[in-house]
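> Got a predicted structure plus its sequence, pasted below:
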Amino acid sequence: MVITYTEELDDGRTLSISPEVVSVLGYTQAEWMTDPMLWVRLIHPEDRDRVVRACTAANSARRTFRAEYRMIARDGRVVSIRDEASVVFGSRGHPLCWQGVMVVVSEHPEGDVGRVSI
């Protein structure tokens, strides 16, 4: 399963996200786009600092963001994600937004690694 998205360059606000976000993480597109901190809160607590630092560095340098991390779905499932986003540039070379893809690497049902609350 794959989730595609676009984001504002500096504030991380989601501009669009594919409907697969509902089946993978249990949050609607509207929830995702109206809460700019949802992505950060859904990152597994053990991965959060590392991923946020990598995202901040990529945003500052306008270079491709790549990370593997776990996210907590609405129902508590742990979902392993491979995330990659690149800056989209306009015809005159100015940066417009981030365009990315989150690929589901694996899902851990309740009996596997347990449920996690955010």
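Here it is on my side, so go on.

> Let me know the helix or strand that the residue positioned nearest the centre of the chain is in.
Geometric centre of the chain, nearest residue: W39, 5.4 Å, by Cα atoms, centre = their mean. Using DSSP states H and E, W39 maps to helix 38-42.

> Which elements pack onto that helix?
Packed against helix 38-42 by the contact rule (3 or more Cβ pairs under 8 Å, 6 or more residues apart in numbering; DSSP states H and E) you find helix 29-34. In short, each C-beta sits where N, CA and C put it, glycine included.

> I'd like the distance from the helix it packs on to the chain centre, please.
12 Å (Cα atoms, centre = their mean, to the nearest Å).

> for stretch 90-101, same thing?
18 Å.

> What segments of the chain are strands?
Taking DSSP state E as the criterion, the chain carries its strands at 2-7, 14-17, 65-72, 78-89, 95-108.

> Include mean pLDDT, mean neighbour count and distance to S23 when you put the ones you listed into a markdown table, please.
Below are those laid out as a markdown table (pLDDT from 0 to 100; neighbours: other Cβ atoms under 10 Å; distance: least, Cβ to Cβ, whole Å):
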| stretch | mean pLDDT | mean neighbour count | distance to S23 |
| --- | --- | --- | --- |
| strand 2-7 | 97 | 18 | 9 |
| strand 14-17 | 96 | 17 | 12 |
| strand 65-72 | 96 | 19 | 13 |
| strand 78-89 | 96 | 17 | 11 |
| strand 95-108 | 90 | 16 | 10 |
